[in-house]
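**Student:** My questions are about this predicted structure, shown below with the sequence.
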Amino acid sequence: MSAPPGFTKTHLVDPFEIHVGPVFEQGEKGARRFGFRVDARHVNMRGVIHGGMLMTFADAAFGQAAWDATDHADVVTLNMQSQFLAGAKEGDWVEVVPVLTRRTRSLIFLRGDFTVDAAPIYSVSSVWKILGAD
Amino acid sequence: MSDVLDTLPPEAENISLGGFNRHAGPVWRLPVEGEVRRFALVVADKHMNGSGSIHGGMLMMLADVSMSQTSRAATGAKTCSTVSLTCDFVGPGKLGEILVSRVRVTKKTRTLVFMSADIVCGDRPVAVATGLWKIG
């Protein structure tokens, strides 16, 4: 299933992201909106999106945002806090605009509210490390 | 804590039977060790990131699956839902390694289960997660 008009495929590098993707994006560097369409691979036995897929999408989207903030430095996730507010089902379009809360010399703080049809379903805050910047 | 596993024990049971569990898995249930429920993942090519380590999303998936299973086993409930999950990424997990998620129930109420999961490779910590599940 396709993305809404105006979205293009995000270039994914990590094998696990490619395995669960595609991921799509819209907008300028530093303010990109990311989204994916929930398909049969992403749901649990009850037909509801698996938390593991939401957390993987968050890690992928935030990783892209961390790259935007550092001009593609080597970055790794240190911590991710996830709140699961509501379900999503097959066919739903899930999207987020990661927000850069703060960047220090070695750390990046990001947060984001994930929505389906503008309703919040999932909320994340996350800390990233810029490798080699101690 | 425990030795590094180089093969899954014969009692290991594949619990990734459908949907995203099967697509991302398999995750294996290992025998219970006292108060600790244990689950294992053999790190495969598809689980990796671009830097030669297991992807953070797959580590959170393992934490989520192992705490979900534990919430049901500990309460007898048919379904439990993740309310929140926090994960610290402590060290890398490499291709071919067997990662074990060791889950403890911190507290159970009528409607909620509080848990923690240590994801290790032998004695080496890979990730530490805490989670809150709603029963039903």
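**Tutor:** Good, I have the coordinates.

**Student:** Can you show me the helices along chain A?
**Tutor:** For chain A, helices defined by DSSP state H occupy the ranges A:15-20, A:51-70.

**Student:** Of these, flag the one that's most buried.
**Tutor:** Across the helices of chain A, averaging neighbours per residue (mean count of other Cβ atoms under 10 Å in any protein chain shown) puts helix A:51-70 on top, at a mean of 25. Every residue, glycine included, has its C-beta placed from N, CA and C.

**Student:** between the helices of chain A, which one is nearest to A:Thr77?
**Tutor:** Nearest to A:Thr77, of all the helices of chain A, is helix A:51-70, at 5.9 Å by Cβ to Cβ.

**Student:** can you tell me the average pLDDT over that closest one?
**Tutor:** Helix A:51-70 carries an average pLDDT of 97.

**Student:** How far does it sit from its chain's centre?
**Tutor:** How far helix A:51-70 lies from its chain's middle: 4 Å, per Cα atoms, centre = their mean, to the nearest Å.

**Student:** for stretch B:21-41, same thing?
**Tutor:** Distance of stretch B:21-41 from its chain centroid, counting by Cα atoms, centre = their mean, is 6 Å.

**Student:** Likewise for stretch A:10-20?
**Tutor:** 12 Å.

**Student:** got it, and stretch A:73-86?
**Tutor:** Averaged C-alpha coordinates place stretch A:73-86 at 9 Å from its chain's average position (Cα atoms, centre = their mean).

**Student:** ok, back up a step: Throw the helices of chain A into TSV and include distance to A:Ala133, thanks.
**Tutor:** Listed next are the helices of chain A as TSV, based on distance: least, Cβ to Cβ, whole Å:
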stretch	distance to A:Ala133
helix A:15-20	24
helix A:51-70	9
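
**Student:** Check the average confidence over the strand ranked longest in chain A, would you?
**Tutor:** Ranked by residue count under DSSP state E, the longest strand found in chain A is strand A:119-130. What strand A:119-130 shows for mean pLDDT is 98.
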